[in-house]
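Asks: Test case, fold it:
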Amino acid sequence: MPGGIGLHPLCFETEVVFSFSGVMCWADYHRGILLCDVAADDPSLRFVRFPLAEFWDDFPDGRGLPEKYRKACMSRGRLWFIDVDNGRFRRARSSSDGANGTVTTWTLPTPELDWTKEHTLRFSELWSHLKYQQSPLPRSMPGFPIVDMRQADVLHFIVEGAWEPEETHWTITVDMRNRCLASYEVYQNAIEVPEADSDVSNVFFNDPLICCELGVSANALDKPAAD
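Replies: I've put the predicted structure just below:
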């Protein structure tokens, strides 16, 4: 959708496709999910709206980059939806990276049921955790969320530095149940640029994370670190 015309209520653009309880799903992170049992004798579409989804028609950047702030994926037999909210995708937008932002998770047990809110964590709470304070991590908004495939209450994010060479990008793991930072490491991509003028191995190119590449040891989540 071209910039300058915002979002139209009748438009749907697919960010990700996956299967859920035997049906195919097409997700638009500004809208919700279209579901269809493609093997049925008479296939039909059903729409499940994402929690807090809103429409607007005055956003100058069109769709923006919803993959940075939202994610729908399967873990432990349930459909999870993650929303990193800093006010950017709200009618009363603030677009602030400040401590008032939140990370919220919802689950959908079956396509026939409603969304259930699981956890909400404020950025300020995450940043004030002792392990985070003692780390070199910046106090900036996490992005590109993904649910851990083995432990569904665990999320992985990218914490981005600026584009200057001295800035660092990080992969962080957050225990939503215990509301704490579980682990972190310097982000490394697999891109090879033989003739590059500088090292780009730590540059994050806005590609959504794949949960099978990430994990956290059980020992890291035995108990939250002391505050």
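Asks: Look at the nearest residue in space to residue 85 that is not next to it in sequence and report its pLDDT.
Replies: With Cβ to Cβ, 6 or more residues apart in numbering as the criterion, residue 85 has its nearest non-adjacent residue at 5.1 Å, and that residue is residue 102. Placement of C-beta: from N, CA and C, glycine included. Looking at residue 102, its pLDDT is 92.
Asks: show me the contacts for residue 102.
Replies: 84, 85, 120, 121, 122, 123 (Cβ atoms under 8 Å, 6 or more residues apart in numbering).
Asks: so the second one makes contact with residue 101?
Replies: This means residue 85. Yes: Residue 85 is in contact with residue 101 according to Cβ atoms under 8 Å; the separation is 6.0 Å.
Asks: Give the residues shared as contacts by these two.
Replies: Residues touching both residue 85 and residue 101 (Cβ under 8 Å, 6+ apart): none.
Asks: Give me the more crowded residue out of the two.
Replies: residue 101 (21 against 18; other Cβ atoms under 10 Å).
Asks: Could you report the distance from the closest residue to the more buried one other than its chain neighbours to residue 130?
Replies: Computed as Cβ to Cβ, 6+ apart, the closest residue to residue 101 that is not its neighbour in sequence is residue 86, at 4.0 Å. Per Cβ to Cβ, to the nearest Å, residue 86 is found 24 Å from residue 130.
Asks: Count the residues that sit near residue 111.
Replies: Residues near residue 111, counting by other Cβ under 10 Å, number 16.
Asks: For it, which non-adjacent residue is spatially closest?
Replies: residue 35 (5.3 Å).
Asks: show me what contacts the one you found?
Replies: Neighbouring residues of residue 35 by Cβ under 8 Å, 6+ apart: 20, 23, 24, 25, 45, 46, 47, 48, 111.
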